[in-house]
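Enquirer: requesting a structural model of the entry that follows:
(2 chains)
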Amino acid sequence: MINKLVFENLKHRPVRTLLSVCAVAIEVTMILTLVGVSRGVIEESQRRARGVGADIWVRPPGSSLMSFNSVSMPEKLLGFFETQPHVTLATGSANSGAGILESVAGVDFAKFEQLSGPLRFLKGGPITGPNEIIIDERYAQQKKLKPGGVINLWNRDWKVAGIYESGKLSRMMLPLETVQDLSGAAGKLSQIFLKVDDPANTASVVAALKANPQLAGYPIYSVEEWMSLFSVDGVPGLRPFIAVVIALGVIVGFLVVFLSMYTAVLERTREIGILKSLGASPGYILGILLRETAILALTGAVAGIAVTYGTRYIVNTYTGPAFTQIIVPDWWPTTTVIALVGALLGTLYPGLKAVRQDALEAISYE
Amino acid sequence: MSKPIIEIRDLHKVYRVGDLSVEALRGVDLFVERGEFLSIVGPSGSGKSTLFHILGGLTPPSSGSVTIDGVDLSHLTDRGRTQMRKEKVGFVFQRYNLLPTLSAHDNICIARHIAGKPLEHDPAFHDILKLLGIDHRLDHKPRAMSGGEQQRVAIARAIVNHPAILLADEPTGNLDTANSDAVLGVLRDLNQRLGQTILMITHNPEAAAYGHRMVRMRDGAIVG
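Expert: Here you go, the predicted structure:
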């Protein structure tokens, strides 16, 4: 019976119901989109790093996860690494920033393809002349580029020579010397990739390299260690940022539901009086309001989850190659609970106000 | 002779309006027998609505005693008065006071639900719905019903839990003559057929004549 009353109340005021559902949906979408973008960017970075095919990564001293573009390691280290036991191949990249969270990797293509396998060109082919660049499929889609198209980087036009399958180190690649020249860092590298004869030897090689006094200060990671650094905690400030956006979402949802239920209680003062005259207890009346809110919150959560598919399309299509959004089903329960709790808290004050209303005043309310 | 279903002794009610005290009831004594149909008449401000609200447990008395079917209202808490409304009293208001979002049927059922009783009506209640002339209108919402029909639904809701007393506050105040006669006839039938105790407040002497007995109120006291 209460459920019937609750549904009829929601149907009776469709605009208020719709607005409340929208507010909760926005709250849920905000949270899921932010988490989805954070994870998407991280997972995409992981995928490309894994696609390099290296067993060991060596980074410049003092570098962080986000500082890809420091070109400071001597290239001659490659020769040193290749003489180490179990190391079968050493190559590196010099990176140069090319927009938000994006960079161009300069590689020695011959050695890079030895390490990671041949680049699979979907359109066009390898670089054959100066001022040519190769880009990955995702970058080409987002920038609507084809072989022969032009990209302007560092105030210079680059002709797209080929489009390769995504998932290899970087979205854009140039010859190593080109990036070194552009960065004024001839003979320097941003990171070094090592291949060992057997992946089972990776740990011992890493340990030996770390123990080598010539490499003191160089962060050296097995590929698994390197992958583990790609996380929400690996990006400075990302976790507090997510927390702030979640808090904002909760506040928005809370305030809208609060206002909605406050108005609903005022509108229904007389009806609450009628229920009281029939002997309805405070718990009975509060139960009606809380059930209404729960339905609004749950409907809003489902709508918010559905809208996330739309935001994923928008982010992945229009916001540039640096941003990737994924769907995060493991966050659906958390977000739903956040929306539900926020909405129920928003109902509590108007709800308590309703149950404390004097029955006589309520039933006489015009 | 059986004990009166309503016993009111030296009942006072004082309302505070800002710094002013308004004495709405000034020592009312009233006894109502079980199965009686009592009309209470009086001009505006005579205290009859206040008496109605105290009897219905909507507001507590300031002093004196009010006993309904053995329950002394003067010592009840809010919760106790809520329970009393659920078990002992049925209300019929001038403005019908049906829940606008529910059908007539559900308006009646919600009273059963609040009282914690099964929602299905017993066969006898179906007869009452026929008597009230609303058995074919139960699926309609209040906005689709005439005032007289709404008031008859309100009467059905008021008696669905078999209350000890039915309180009717100007039940024909918003109705035309034909509907007024129908509603008053129904109240009289309920009283005669079911022995339902009814207290009806009214301005209208013709309506008051439907009761077995009439008491007049003026300035917060019973004057005749």
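Enquirer: middle-most residue in chain B, spatially?
Expert: Using C-alpha atoms, centre = their mean, the residue of chain B that lies closest to the mean C-alpha position is residue B:167, 1.3 Å off.
Enquirer: what's the nearest residue to the closest residue to chain A within chain B if we skip its chain neighbours?
Expert: Closest to chain A within chain B is residue B:86: 2.7 Å, counting by C-beta to the nearest C-beta. In this view, the C-beta of every residue, glycine as well, is placed from N, C-alpha and C. Among residues not flanking residue B:86 along the chain, residue A:279 sits closest, at 2.7 Å (C-beta to C-beta, 6 or more residues apart in numbering or on different chains).
Enquirer: in contact with the residue nearest to the centre of chain B, which residues?
Expert: By C-beta atoms under 8 Å, 6 or more residues apart in numbering or on different chains, residue B:167 lies in contact with B:52, B:55-56, B:89-92, B:199, B:201.
Enquirer: just checking, which of those belong to helices?
Expert: The helices, defined by DSSP state H, take in B:52, B:55 from the contacts of residue B:167.
Enquirer: next helix or strand past the one helix or strand in chain B whose mean pLDDT sits lowest?
Expert: Least confident helix or strand of chain B, by mean pLDDT, DSSP states H and E, is helix B:123-132 with a mean of 81. Later in the chain than helix B:123-132, the nearest helix or strand by DSSP states H and E is helix B:147-159.
Enquirer: between that next one and helix B:123-132, how many degrees?
Expert: Relative orientation of helix B:147-159 versus helix B:123-132 (axes from the mean of the first three to the mean of the last three C-alpha atoms, to 10 degrees): 160 degrees.
Enquirer: and the closest residue to chain B within the stretch 101-250 of chain A, what does it touch?
Expert: With C-beta to the nearest C-beta as the measure, residue A:250 is the residue of the stretch 101-250 of chain A nearest to chain B, at 30.1 Å. The contact partners of residue A:250, taken as C-beta under 8 Å, 6+ apart, are A:27, A:338-339, A:342.
Enquirer: could you dump those residues into a markdown table and include secondary structure and pLDDT?
Expert: Below are those laid out as a markdown table (DSSP: H, G, I helix; E, B strand; the rest coil; pLDDT from 0 to 100):
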| residue | secondary structure | pLDDT |
| --- | --- | --- |
| A:27 | helix | 86 |
| A:338 | helix | 87 |
| A:339 | helix | 86 |
| A:342 | helix | 83 |
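Enquirer: save those as CSV, and put in distance to residue A:261 too.
Expert: Shown next, in CSV, are those (distance: C-beta to C-beta, whole Å):
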residue, distance to residue A:261
A:27, 15
A:338, 18
A:339, 14
A:342, 12
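Enquirer: wasn't residue A:308 part of a strand?
Expert: No. Applying DSSP: H, G, I helix; E, B strand; the rest coil, one finds residue A:308 to be helix, outside a strand.
Enquirer: before we move on, the earlier item: quick one: contacts of the strand or helix carrying the residue of chain B closest to chain A?
Expert: Applying DSSP H and E as the criterion places residue B:86 in helix B:78-88. Here helix B:78-88 makes contact (C-beta under 8 Å, 6+ apart) with A:276-281, B:56-58, B:60, B:68-69, B:71, B:73, B:76, B:91, B:114-115, B:161, B:163-165.
Enquirer: and residue B:65, its phi and psi?
Expert: When read as degrees, to the nearest 10, the backbone of residue B:65 gives phi -130, psi 140.
Enquirer: average pLDDT for stretch A:180-197?
Expert: Averaged across stretch A:180-197, pLDDT comes to 90.
Enquirer: and the helices in the stretch 1-150 of chain A?
Expert: A:2-12, A:14-50, A:77-82, A:109-116, A:137-143 (DSSP state H, counting those that start in this stretch).
Enquirer: flag the shaky bits of chain B, pLDDT-wise.
Expert: Applying pLDDT under 70 to chain B picks out residues B:1.
Enquirer: run the chain-centre distance for the longest helix anywhere in it.
Expert: Longest helix in chain B by number of residues (criterion: DSSP H): helix B:177-194. Taking C-alpha atoms, centre = their mean, to the nearest Å, the mean C-alpha location of helix B:177-194 is offset from the chain mean by 14 Å.
Enquirer: what is that helix packed up against?
Expert: Here helix B:177-194 touches strand B:37-41, helix B:123-132, helix B:147-159, strand B:165-169, strand B:197-202, going by 3 or more C-beta pairs under 8 Å, 6 or more residues apart in numbering or on different chains; DSSP states H and E.
Enquirer: who does the fourth one pair up with?
Expert: Think strand B:165-169. Strand B:165-169 pairs in its sheet with strand B:89-92 (parallel), strand B:197-202 (parallel), by DSSP bridges.
Enquirer: Serialize those strands to a markdown table and add fields for mean neighbour count.
Expert: What follows is these, written out as a markdown table (neighbours: other C-beta atoms under 10 Å in any protein chain shown):
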| stretch | mean neighbour count |
| --- | --- |
| strand B:89-92 | 26 |
| strand B:197-202 | 25 |
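Enquirer: now those strands as a markdown table including distance to residue A:300?
Expert: Output for the strands paired with strand B:165-169, formatted as a markdown table (distance: least, C-beta to C-beta, whole Å):
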| stretch | distance to residue A:300 |
| --- | --- |
| strand B:89-92 | 37 |
| strand B:197-202 | 47 |
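Enquirer: out of the ones you listed, which comes closest to residue A:215?
Expert: When these are compared by C-beta to C-beta, strand B:89-92 sits nearest residue A:215, at 88.7 Å.
Enquirer: contacts for that closest one, please.
Expert: A:277-278, B:55-57, B:68, B:85, B:97, B:151, B:154-155, B:157-161, B:163-169, B:171.
Enquirer: equivalent analysis for stretch B:117-130, please.
Expert: Counting by C-beta under 8 Å, 6+ apart, A:1, B:108-109, B:112-113, B:135, B:138, B:156, B:159-161, B:190, B:194 sit against stretch B:117-130.
Enquirer: skipping adjacent residues, who's closest to residue 107 in space?
Expert: The chain I'm using is chain A. residue A:93 (4.9 Å).
Enquirer: the chain in question should be chain B.
Expert: Nearest non-adjacent residue to residue B:107, counting by C-beta to C-beta, 6+ apart: residue B:98, 4.9 Å away.
Enquirer: give me the phi and psi angles of that neighbour.
Expert: The phi/psi pair for residue B:98 (degrees, to the nearest 10) reads phi -90, psi 150.
Enquirer: in contact with it, which residues?
Expert: The contact partners of residue B:98, taken as C-beta under 8 Å, 6+ apart, are A:274, B:104, B:107, B:142, B:150, B:153-154, B:157.
Enquirer: just the buried ones from those residues?
Expert: Neighbour counting with 16 or more other C-beta atoms under 10 Å in any protein chain shown marks A:274, B:104, B:107, B:142, B:150, B:153-154, B:157 as buried within these.
Enquirer: distance to residue A:45 added to those residues, as TSV?
Expert: As requested, these are exported to TSV (distance: C-beta to C-beta, whole Å):
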residue	distance to residue A:45
A:274	61
B:104	64
B:107	62
B:142	62
B:150	68
B:153	67
B:154	68
B:157	66
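Enquirer: now for those, which pair is the farthest apart?
Expert: A:274 and B:104 (14.3 Å).
Enquirer: now, of the contacts of helix B:78-88, which are buried?
Expert: By 16+ other C-beta under 10 Å, these give A:276-281, B:56-58, B:60, B:68-69, B:71, B:73, B:76, B:91, B:114-115, B:161, B:163-165 as buried.
Enquirer: dump stretch A:181-190 to CSV, restricted to CA.
Expert: Output of stretch A:181-190 as CSV, limited to C-alpha atoms (Å, rounded to 0.1, in the frame of the first residue of the first chain):
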residue,chain,number,x,y,z
ASP,A,181,67.8,17.6,-32.3
LEU,A,182,64.4,19.3,-31.5
SER,A,183,65.0,19.0,-27.8
GLY,A,184,68.6,20.2,-28.0
ALA,A,185,69.7,16.9,-26.5
ALA,A,186,71.9,15.2,-29.0
GLY,A,187,73.0,11.8,-27.7
LYS,A,188,70.5,11.8,-24.8
LEU,A,189,67.6,9.6,-24.0
SER,A,190,64.4,9.9,-21.9
